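Novice: For reference, the sequence and a predicted model appear below.
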Amino acid sequence: MEPLSGYTYALLRIVTGLLFLFHGSQKLLGWPLEPTAGLPALITYIAGPIELIGGALVMIGLLTRWAAFLSSGLMAVAYWLAHGTKVLYPIMNGGELAIVFCFAFLYIASHGPGMWSVDKLRGTT
């Protein structure tokens, strides 16, 4: 599968960014689902834009390293503020998705934009 590694990495970056974008669009735009009732304004107006804009930037591969690093940090904070204070184990506190996003974005930040990215077209990595 090594000859396909560039393609699979690009798909990982695109799909991860798209899924993150959907979390932000839910918080800010109420699409594709209505936001969770009773979300604190801090989550809506700080996490929402980072998820929406950061997800879009990672998905298209523009300013990829910075957007992914910020998104990774957001998910680390989200885990420890919203999930990790309940019970330590992610399977018990519902924080698995935050952890997966955190480490996927950390990997993307360290690896860079890869193929099929605006950064590659611009010659910046």
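Specialist: Structure's in. What do you need? Every value quoted in this text rests on a predicted model; they were computed, and no experiment measured them.
Novice: Check residue 102 and give its pLDDT.
Specialist: For residue 102, the pLDDT comes out at 98.
Novice: Grab the nearest non-local neighbour of it.
Specialist: residue 75 (3.8 Å; CB to CB, 6 or more residues apart in numbering). Backbone N, C-alpha and C define where each C-beta goes, glycine included.
Novice: Check which helix or strand the one you found maps to.
Specialist: helix 64-78 (DSSP states H and E).
Novice: burial of residue 120, as a residue count?
Specialist: Neighbours of residue 120 under the rule other CB atoms under 10 Å: 16.
Novice: tell me which element the residue nearest to it when sequence neighbours are not counted is part of?
Specialist: Of all residues beyond its chain neighbours, the one nearest residue 120 is residue 113 (5.6 Å), with distances taken as CB to CB, 6+ apart. Using DSSP H and E, residue 113 sits in no helix or strand.
Novice: show me what contacts residue 113?
Specialist: Residue 113 sits next to 13, 61, 62, 64, 65, 119, 120, 125 when contact means CB atoms under 8 Å, 6 or more residues apart in numbering.
Novice: ok, now residue 51?
Specialist: 20, 21, 23, 24, 27, 71, 74.
Novice: please redo it, this time with the cut-off set to 7 Å
Specialist: 20, 21, 23, 24, 27 (CB atoms under 7 Å, 6 or more residues apart in numbering).
Novice: quick one: the helix or strand harbouring residue 24 to helix 64-78, angle?
Specialist: Counting by DSSP H and E, the element that carries residue 24 is helix 5-29. For helix 5-29 against helix 64-78, the angle by axes from the mean of the first three to the mean of the last three CA atoms, to 10 degrees is 60 degrees.
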